[in-house]
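Participant: only geometry, no sequence info:
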């Protein structure tokens, strides 16, 4: 696996590729877990060439968020990517992506898909996401980009970015990978105390409860959401940030759930915020 | 010359290209004049493949601007491009670029380079420009994009867009083409009455006057600007919109002119607004 730290090196490495060679791209912030590895495996299976990026993007973190403490383990990440036959790891510095000589002033700004849910608590977060993803897509030029379903709103915002600005990459969304007890894998799970860790699976089980009501025929989203709240109230430490039943593309909130709706929720356990979602089928 | 009206057709046409084949791109709003043709000639000389686009982009026009009356002459444009050996003309409809089914919500928003001069009178104009240029660059994927120096601020904003978002195209800026009397060619010159047309060259001659002062050693930008105002005041019908001596990349206003500074001005003649600039060398 080739590790490149500058855009110029990446361009040189890429120039070996033939025009018809497919390139699968897995953008990450590092501290890889099995969720990321599923993306790499899928990219490996479907492309001649696999590129992963590790970049903890400062512009998508708010002022009071965990940019400086975000977990990092480059040597472990590198080993994992090598094991799964990634061809190039793009690992730029913040200065490489945001040079300070002529400071960045052009941003890619998403619209209403980015305003609710995560966007409500984290203003500017998705502007950081769409800007860095645009930069990475322009540098990497992938045939297909692989994203995890766990960040359901991020998937919706990036799909809309790609369609609105005519990026030529396909987007493949890979199902959420979970611990045996149902907790969605996330780099931020490492922040949980062992007591919180035991409570964290309530998030997914509350979504499953709503899903099972839906499968029994309940489509009233107020009733589905109430079942989630009731389930989460079983534990005092859990604070609910939002519960939503929305169209999985536009993220518009729905009165009636149907195929393709996304049930999602965000909760706090102490200082750690967890998100998860289920798409109705 | 192939004329394609949809993005999909363009992608199909482009798939014949080899990976190392260079592609020169000339984005236009049509109603072509010799200024555009210079861009096409330069692209022809420097590339295996030449693509021009004609698209009167609604998102860069303000509500009270001339979108509906903007001059158009497709059959003449087509003939001119064929004569100059353009390979593909991309000629999409507004609906193709901005589908109404899932309305556009992601925009590319420029920063301070876009705020002054043209940006001051035309809020939102450059957001429309950077958004459509991003879309076109993603669709066309050019090796080199050719722009005219006449729109000096547009050049600066697009250069910053390309650098900030890591588009892989090079930007080549082609000198302004002028009428024998000095008036910069512009599709909007057609709006001038014959009396106004006779006065329009004052704009360029006023810039030349400042330039000649500079060449004699005057670098105080207040004095340079005053010489322009004085020259333009020779005619009562001319209303000055702005006069600027700025860094040609950042467009920051300067106290002292030097090599690379851009002297620019915008004037009204009746309802027609003319712009022009000179780069100091």
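Facilitator: Perfect, I can see it now. A quick note: this is a predicted structure, and the numbers were derived from the prediction, not measured. Numbering: from 1, shown residues only, chains lettered A, B, ... in the order given.

Participant: up against chain B, what does the stretch 1-150 of chain A have?
Facilitator: With the criterion set to CB under 8 Å from any CB of the partner chain, the stretch 1-150 of chain A comes near chain B through A:7, A:11, A:17-19, A:102, A:104-113, A:130-131, A:134-135, A:138-139, A:141. Using the backbone N, CA and C atoms, a C-beta is placed for each residue, glycine as well.

Participant: which residue ranges form the helices in chain A?
Facilitator: Taking DSSP state H as the test, the helices found in chain A are A:7-14, A:34-46, A:74-83, A:94-97, A:118-121, A:125-140, A:152-164, A:194-199, A:202-215, A:221-232.

Participant: okay, these in CSV with distance to residue B:159 next?
Facilitator: Compiled in CSV, the helices of chain A are given as follows (distance: least, CB to CB, whole Å):
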stretch, distance to residue B:159
helix A:7-14, 17
helix A:34-46, 33
helix A:74-83, 34
helix A:94-97, 18
helix A:118-121, 31
helix A:125-140, 15
helix A:152-164, 22
helix A:194-199, 49
helix A:202-215, 47
helix A:221-232, 48
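
Participant: compare those and give me the one nearest residue A:247.
Facilitator: Checking the helices of chain A against residue A:247 by CB to CB gives helix A:152-164 as the closest, at 8.8 Å.

Participant: mean neighbour count and mean pLDDT added to the helices of chain A, as TSV?
Facilitator: Compiled in TSV, these are given as follows (neighbours: other CB atoms under 10 Å in any protein chain shown; pLDDT from 0 to 100):
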stretch	mean neighbour count	mean pLDDT
helix A:7-14	16	94
helix A:34-46	19	98
helix A:74-83	15	98
helix A:94-97	15	98
helix A:118-121	17	94
helix A:125-140	23	98
helix A:152-164	23	98
helix A:194-199	14	97
helix A:202-215	20	98
helix A:221-232	18	97
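
Participant: closest one to residue A:175 among those?
Facilitator: helix A:34-46 (7.8 Å).

Participant: just want the angle from the closest one to helix A:74-83.
Facilitator: Angle of helix A:34-46 versus helix A:74-83, following axes from the mean of the first three to the mean of the last three CA atoms, to 10 degrees, is 30 degrees.

Participant: neighbouring contacts of helix A:34-46?
Facilitator: Helix A:34-46 has contacts (CB atoms under 8 Å, 6 or more residues apart in numbering or on different chains) with A:22, A:24-26, A:28, A:50, A:52, A:80-81, A:84-86, A:144, A:146-148, A:150, A:172, A:174-177, A:184-186.

Participant: same question for stretch A:99-109.
Facilitator: Outside stretch A:99-109, the residues touching it (CB under 8 Å, 6+ apart) are A:98, A:127, A:130-131, A:133-134, A:161, A:165, B:106-113, B:130, B:134, B:160-161, B:163-165, B:249-250.

Participant: again with stretch A:154-163
Facilitator: Counting by CB under 8 Å, 6+ apart, residues outside stretch A:154-163 touching it are A:108, A:110-111, A:113-114, A:118, A:126, A:129-130, A:133-134, A:137, A:145, A:147-149, A:167, A:169, A:171, A:173, A:248-251, B:102, B:105-106.

Participant: ok, stretch A:6-20 next?
Facilitator: With CB under 8 Å, 6+ apart as the test, stretch A:6-20 has contacts from A:2, A:4, A:23, A:48-49, A:88, A:90, A:92, A:96, A:139-141, B:17-19, B:166, B:168.

Participant: if you set the cut-off to 10 Å instead, what comes out?
Facilitator: A:2-4, A:21, A:23, A:48-49, A:51, A:53, A:87-88, A:90-93, A:96-97, A:135, A:138-141, A:143, B:15, B:17-21, B:166, B:168 (CB atoms under 10 Å, 6 or more residues apart in numbering or on different chains).

Participant: of these, grab the buried ones for PyMOL.
Facilitator: The PyMOL command for the buried members of the contacts of stretch A:6-20 (criterion: 16 or more other CB atoms under 10 Å in any protein chain shown) is given here:
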select buried, (chain A and resi 3+4+23+49+51+53+87+88+90+91+92+96+97+135+138+139+140+141+143) or (chain B and resi 166)
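
Participant: between the helices of chain A, which gets nearest to residue A:259?
Facilitator: helix A:202-215 (10.0 Å).

Participant: what's the angle from that closest one to helix A:221-232?
Facilitator: Using the same axes, to 10 degrees: helix A:202-215 against helix A:221-232 is 140 degrees.

Participant: so how far is helix A:202-215 off the chain centroid?
Facilitator: Remark: helix A:202-215 is offset 21 Å from the chain centroid, using CA atoms, centre = their mean, to the nearest Å.

Participant: elements contacting that helix?
Facilitator: Here helix A:202-215 touches helix A:221-232, strand A:238-247, strand A:261-269, strand A:272-279, going by 3 or more CB pairs under 10 Å, 6 or more residues apart in numbering or on different chains; DSSP states H and E.

Participant: nearest to residue B:270, out of the ones you listed?
Facilitator: Distance to residue B:270, taken as CB to CB, is lowest for strand A:238-247 among the helices and strands packed on helix A:202-215, at 50.1 Å.

Participant: touching chain B at all, that closest one?
Facilitator: No - counting by CB under 10 Å from any CB of the partner chain, chain B is not contacted by strand A:238-247; separation bottoms out at 11.0 Å.

Participant: just the buried positions in that strand, please.
Facilitator: Applying 16+ other CB under 10 Å to strand A:238-247 flags A:238, A:243, A:244, A:245, A:246, A:247 as buried.

Participant: repeat for stretch A:179-194
Facilitator: For stretch A:179-194, a neighbour-count test (16+ other CB under 10 Å) marks A:183, A:184, A:185, A:186, A:187, A:189, A:191, A:192 as buried.

Participant: same check, this time on stretch A:105-121
Facilitator: In stretch A:105-121, counting by 16+ other CB under 10 Å, buried: A:105, A:106, A:107, A:108, A:109, A:110, A:111, A:113, A:114, A:117, A:118, A:119.

Participant: OK, contacts around residue A:189?
Facilitator: By CB under 10 Å, 6+ apart, the neighbours of residue A:189 are A:33, A:71, A:179, A:183, A:196, A:197, A:200, A:272, A:274.
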